[in-house]
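Chemist: Any chance you can model this:
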Amino acid sequence: MSSTKPEHIIIVGAGIFGLSTAIHLARRGYTNITVFDKQPYEKTLYSYLDGCDAASADINKIIRSAYGSQTIYQELTSDALRSWHEWNQEIARGADLPPGFSPSDRVFFNCGNLSCGDYSSLPTFERATVECMEAAGFKRTQLITNEPADLNAAEEKGFFPAMNPFSKKTLGVLDTTGGIAVADKACLYALHKAKSLGVRFILDPFNGAFASFIYDLNSQVIGIRTADNKKHLAGMTIMACGGWTPSLLPELDDLCEATAGSVVLLKIPQSSQLRQRFSPSRFPSYTFKVRDGAEGGLYGFPVDERGLLKIGYRGTKYTNPKVQKDGKERSVPITRWTTGNEGTLTQIPQQAHRVIRKFMDEYLPELGQEGINIWKSRVCWYTDSFDNHFVIDRVPGQKGLMCATGGSGHAFKFLPNIGKWVVDVMENIGMDSPCIQAWRWRKPASGEEPTNTLMEGSNGARSLGKTCLVTAEAARSKI
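Modeler: As a prediction, the model looks like this:
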């Protein structure tokens, strides 16, 4: 550990960016770190079903090394995977476990991640993934599903069922380094690690809820005020608030926006043979036509220990534009647990339901044959940047304020290591590295076509106010 650094650091947000940053600050020698969040995670255990509405509060997330030609994320994943395996080993040893954990728990399942579709030839992204992973020395980790040699390699590695896990053939690449993170348990384990390192957490709807910044006479941020009207001064404040970050930091306009994916959960009875069919030992995490627009953008998981089978859709990323104090519209998350909406059935866009239902009927028909249907549905809010790169930087003009956001739906896998980079930026270390340069405050280059179109407002086609929604009950029947 580095020499002691007593400067007070505040982190707003106890999701993956906030947790990881807290751990790496403490490892770097900072002894005065406080994490604030409105969610009482130590009580709710990061469970969406028990009231948590952040993207990090989930049952599972995809882990993959497959990033096409974007080797900065490939390398970042390789580093993260070492920690995921180490965390599993630590838990298995049974020492210093969080309350409720046992040595049989795991936070990572190496069940593989299949990127596939109803393709006649392998898409450019998947082929680039194979080439880049091979060039980096990870030979025979990316297996093409119709290549005889790769099918043999899958058999040898124990991944053969994951190469073609659906009732219809698909073409794609199985990333044998990947799989799933058990999201809620992983966050709890990271929280426990941070507390063990001396990090303080204030997790409460009032005491922990961000209300406003505190400024000095030069209009520089010197801390925050929480909803209980208490002042908390700090040398650095780091905003890591997930989908809420863009509405709390107007400086992110045109760089980041809160967008919603659509998620359904199916509940498979303990007695059903489908528990084994969709077990992580036989079934991978997957993406299906994930870059193919509104009729694609699907992803899914093996069944979890409670029998929950999750399927998600981000072919269309929905928004919830609301007029803010400055008169400008910004997308703000709204969930099952939003104040004034508590306990109501979550609705999902009809388009999302239609695409998910079509996929289930064609590729997972055994679910319908056993009468297993949608149990719950939700929207899940991420922060999309216009180019899918993260934003880890000082807020322009504010030496005492940083943000760590822009996960764009692919950040969870970096829970063990993304905080290292946040601290590097704070300490001005390695600022010329490709990662940090990609994550700097930025605008689209002249003539650049953004990956994500942001801030279309309430008149945009993706606004939930203009979108036909269906309830969880309606989602149980076919459209």
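Chemist: Name the residues of the helix or strand harbouring Phe213 that are buried.
Modeler: Element membership for Phe213 (DSSP states H and E) is strand 210-215. For strand 210-215, a neighbour-count test (16 or more other CB atoms under 10 Å) marks 210, 213-214 as buried. (Glycine included, C-beta is placed from N, CA and C.)
Chemist: And stretch 220-230, by the same measure?
Modeler: 221-224, 226-227.
Chemist: could you redo those as TSV and give each row pLDDT?
Modeler: Below are the buried residues of stretch 220-230 laid out as TSV (pLDDT from 0 to 100):
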residue	pLDDT
Val221	98
Ile222	98
Gly223	98
Ile224	98
Thr226	98
Ala227	98
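Chemist: Which of the residues you listed fall in strands?
Modeler: Those of the buried residues of stretch 220-230 mapping onto strands are 221-224, 226, per DSSP state E.
Chemist: Of the buried residues of strand 210-215, which is the nearest to Ser331?
Modeler: In terms of CB to CB, no member of these lies closer to Ser331 than Phe210, at 17.8 Å.
Chemist: Please give me every residue in contact with the closest one.
Modeler: 12, 36, 38, 224, 226-227, 241, 248 (CB atoms under 8 Å, 6 or more residues apart in numbering).
Chemist: what do you get for Asn207?
Modeler: 226-228, 230.
Chemist: Looking at Ala472 now. What's its pLDDT?
Modeler: pLDDT, Ala472: 62.
Chemist: let me fix that: Asp292
Modeler: Listed pLDDT for Asp292 reads 94.
Chemist: pretty sure it contacts Tyr313?
Modeler: No: the criterion here is CB atoms under 8 Å, and Asp292 misses it with Tyr313 at 11.9 Å.
Chemist: His122: how many residues sit nearby?
Modeler: Let me fix one detail, which is that residue 122 is Leu and not His. Per other CB atoms under 10 Å, the neighbour tally for Leu122 reads 20.
Chemist: Which secondary structure state does it sit in?
Modeler: When classified by DSSP: H, G, I helix; E, B strand; the rest coil, Leu122 comes out as coil.
Chemist: For the longest helix seen in the chain, buried residues please.
Modeler: Longest helix of the chain, by residue count under DSSP state H: helix 71-93. By 16+ other CB under 10 Å, the buried positions in helix 71-93 come out as 71-78, 80-81, 83-84, 87-88, 90-91.
Chemist: so which of these comes closest to Leu122?
Modeler: Using CB to CB, the buried residues of helix 71-93 come closest to Leu122 at Gln74, 17.8 Å.
Chemist: Against Asp424, how distant is that closest one?
Modeler: Gln74 sits at a distance of 19 Å from Asp424 (criterion: CB to CB, to the nearest Å).
Chemist: for the stretch 1-150 of the chain, which spans come out with low pLDDT?
Modeler: 1-2 (pLDDT under 70).
Chemist: repeat that with 90
Modeler: Along the stretch 1-150 of the chain, the parts satisfying pLDDT under 90 run over 1-4, 48-53, 95.
Chemist: Please, where are all the helices along it?
Modeler: Using DSSP state H, counting those that start in this stretch, the helices of the stretch 1-150 of the chain run over 16-27, 41-44, 71-93, 124-135, 148-157.
Chemist: try the stretch 301-450 of the chain
Modeler: 350-363, 365-369, 418-426, 434-438.
Chemist: and of those helices, who's closest to Ile268?
Modeler: helix 365-369 (8.2 Å).
Chemist: Domain-wise, how is the protein divided?
Modeler: Recorded structural domains for the chain (assignment: automatic domain parsing) are 9-60+183-254+386-438, 65-97+108-177, 256-385+456-476.
Chemist: Highest mean neighbour count out of these?
Modeler: Among these, the stretch with the highest mean neighbour count (mean count of other CB atoms under 10 Å) is domain 9-60+183-254+386-438, at a mean of 21.
Chemist: Determine how far that one lies from the middle of the whole chain.
Modeler: 14 Å (CA atoms, centre = their mean, to the nearest Å).
Chemist: Helix, strand, or coil at Thr287?
Modeler: Quick answer, by three-state DSSP: Thr287 is strand.
Chemist: So it is in contact with Tyr299, correct?
Modeler: Yes: proximity of Thr287 to Tyr299 meets the contact threshold set by CB under 8 Å, at 4.7 Å.
Chemist: any idea how far Ala404 is from the nearest residue to Val323 once chain neighbours are set aside?
Modeler: Closest residue to Val323 apart from its sequence neighbours, by CB to CB, 6 or more residues apart in numbering: Glu329 at 5.6 Å. Per CB to CB, Glu329 is found 24 Å from Ala404.
Chemist: Quick one: list the elements packing against the longest helix of the chain.
Modeler: Judged by 3 or more CB pairs under 8 Å, 6 or more residues apart in numbering; DSSP states H and E, helix 71-93 is in contact with strand 61-63, strand 108-109, helix 124-135, helix 183-196, helix 434-438.
Chemist: can you list those in JSON lines and add distance to Thr237?
Modeler: Shown next, in JSON lines, are these (distance: least, CB to CB, whole Å):
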{"stretch": "strand 61-63", "distance to Thr237": "27"}
{"stretch": "strand 108-109", "distance to Thr237": "31"}
{"stretch": "helix 124-135", "distance to Thr237": "37"}
{"stretch": "helix 183-196", "distance to Thr237": "17"}
{"stretch": "helix 434-438", "distance to Thr237": "20"}
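Chemist: SS state for Tyr299?
Modeler: strand.
Chemist: which residues does it contact?
Modeler: Residues in contact with Tyr299 (CB under 8 Å, 6+ apart) are 62, 285-288, 290, 311-314.
Chemist: any idea which residue of the protein is furthest from its center?
Modeler: Taking CA atoms, centre = their mean, the residue of the chain most remote from its mean C-alpha position is Leu217, at 37.8 Å.
Chemist: where's that residue, which helix or strand?
Modeler: With DSSP H and E as criterion, Leu217 is part of no helix or strand.
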